[in-house]
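Colleague: sequence-free structure coming up:
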């Protein structure tokens, strides 16, 4: 077999970079494959902190596999084709390591798929090291730990799996860091919103959902100070209204998530604010409201919106 | 979690029955789930031989999960919804253990998926027993061995994975049988076509594939004498045309596989015989043609049809 690319999703987050980097190493060492980790986007600020901390060079960017002479790929932290490399439909998917739902994914041939409903793709890659009895190098343990911390907001998100706590402890030991101290420092590195324009801020981590015929955009930013973000409300609302007009979003929901106290402020603009209020049983005042304990878009926001819009 | 159904595909073959029966046992013992193996069809003659040989009662038939009060399921030996239980879209897929391509499969939530491109789903289930350090009971070892023998035609099919030989040896030892002797006896038990009507014959092991908007039925029968099956060609073609009309299959491809010499005769009827001829680079004469060395629908027929229908 010739060279195989291993990569996470577009707009990569820390788990996408960490799981692909580590799995490429595992594939070389344990499966004797010529595997290269590549990325579909630049590291975000949190991931840049992680790579710098553990002395790892960011995987090089690629836009197409075929253009690089590669026709076999392994996906980590995603499976939906619209989140993958541009020419995903033209190459052979050799394997997938992921922790998301399966959708818009199809292959012509049997493949390796290792999916588990756990907190991060990094958690699964770590389990594969153990199954293959391969030592995890210190810097790779650091990356995998960071992927798990990032996706679960330091094991506080309801997406955290019962097994993830033990995984985090073991990886922290291998990486030689204190879980809580390192985790908070890492998450804080991703909360530097002051350097971002309002347009950038609402697009850091945003996904569109089709809810009963409405295009609803749900974005999330992490912060250590919700009030600091709300100080920019007028500017952010202008960016949201411009984005709604340009993309025909019926509604725009921005989760401003306090990573220290694990709560979110919801800022919502659009045509269905009544449905958004009903979804969370709160009243928007000046377009925003507090949602205690909410940190997960996947578990604590999208299902509630889906139900309310379908009611 | 309440009761979970574990089942293989419609028109179950030995691997579908064996992998679901064994995985349900594993899920009860290792994962402490209330798992019940059920089946979407009666055992074929080969499978009946296997169940009788190892003293196992066939899983009960179910047509719907919801009707039985079950809303969570685990699929073995398949993932495509049209090969699954009738109400698959209305239930939660908790997990999948499979060795086929992925297509027409979508979930709302993250799940367990364990897919490997190996000879049988039974091979993967056996690996899961080992990973969970759970002893394989003798009769379950016999079933898993039979699933592997059935799907690989006694390790001769190109779908046989390098690791499957060792799996077969270990399972034969656990089951207390001689691999070659038992394997041939078991396969021959499935070649008794004389007792079957043409309608039964074309439905023994048949799957539907959606190829570029066409519903293509691909059936396979095992024999020790291809000519004996072709003696019944007129009767078989009438059954195929009736089935096409009743089920809106654009095409019907029947593989008549010689299990001793590892070749197949392809009988094809339908609207796209040009695409079928192009797929195999042969010319159908009197609706059939010889395909040397072909014994695997999955590796040697479906990918070729997929490519040809998409060309």
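Modeller: Now that the structure is in, tell me what you want to look at. On a predicted model such as this, the values are computed, not experimentally measured, just so you know. Numbering: from 1, shown residues only, chains lettered A, B, ... in the order given.

Colleague: Spell out which parts of the stretch 101-250 of chain A neighbour chain B.
Modeller: Neighbours of chain B within the stretch 101-250 of chain A, by Cβ under 8 Å from any Cβ of the partner chain: A:101-117, A:131. C-beta: built from backbone N, CA, C; applies to glycine.

Colleague: Swap in 10 Å and give it another go.
Modeller: A:101-118, A:131, A:159, A:161 (Cβ under 10 Å from any Cβ of the partner chain).

Colleague: of those, buried ones?
Modeller: Buried subset of these (neighbour count, 16 or more other Cβ atoms under 10 Å in any protein chain shown): A:101-102, A:105, A:107-118, A:159, A:161.

Colleague: ok, for residue A:145, nearest residue in space, not its chain neighbours?
Modeller: Leaving out its chain neighbours, the residue that sits closest to residue A:145 by Cβ to Cβ, 6 or more residues apart in numbering or on different chains is residue A:171, at 3.8 Å.

Colleague: For the one you found, give me the pLDDT.
Modeller: pLDDT, the model's per-residue confidence, is 98 for residue A:171.

Colleague: got the contact list for it?
Modeller: Going by Cβ atoms under 10 Å, 6 or more residues apart in numbering or on different chains, residue A:171 touches A:122-123, A:126, A:136, A:140-149, A:177, A:179.

Colleague: any idea how far chain B is from residue A:144?
Modeller: Applying Cβ to the nearest Cβ, to the nearest Å, the value for residue A:144 to chain B is 18 Å.

Colleague: Is that residue part of a helix or strand, or is it coil?
Modeller: helix (DSSP: H, G, I helix; E, B strand; the rest coil).

Colleague: same check, this time on residue A:184
Modeller: helix.

Colleague: any idea how far it lies from chain B?
Modeller: Separation of residue A:184 from chain B (Cβ to the nearest Cβ) stands at 26 Å.

Colleague: now that residue, nearest residue through space, not along the chain?
Modeller: Residue A:184's closest residue in space is residue A:154 (Cβ to Cβ, 6+ apart), at 6.8 Å.

Colleague: if I've got this straight, the residue nearest to residue A:145 is in a helix?
Modeller: Yes - per three-state DSSP, residue A:171 lies within a helix segment.

Colleague: max-length strand in chain A?
Modeller: If you go by DSSP state E, chain A has its longest strand at strand A:214-223.

Colleague: ok, stretch A:270-284 near chain B or not?
Modeller: No - using Cβ under 10 Å from any Cβ, stretch A:270-284 never reaches chain B; the gap is at least 17.2 Å.

Colleague: pLDDT on that stretch, on average?
Modeller: Across stretch A:270-284, pLDDT averages out at 97.

Colleague: With stretch A:38-50 instead?
Modeller: On average, stretch A:38-50 scores 95.

Colleague: out of the contacts of residue A:171, who's nearest chain B?
Modeller: Nearest to chain B among those is residue A:123, at 11.8 Å by Cβ to the nearest Cβ.

Colleague: Where do the domain boundaries of chain A fall?
Modeller: Chain A is divided into the following domains under automatic domain parsing: A:4-189, A:198-310.

Colleague: okay, the ones you listed in CSV with distance to residue B:215 next?
Modeller: Shown next, in CSV, are the domains of chain A (distance: least, Cβ to Cβ, whole Å):
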stretch, distance to residue B:215
domain A:4-189, 16
domain A:198-310, 28
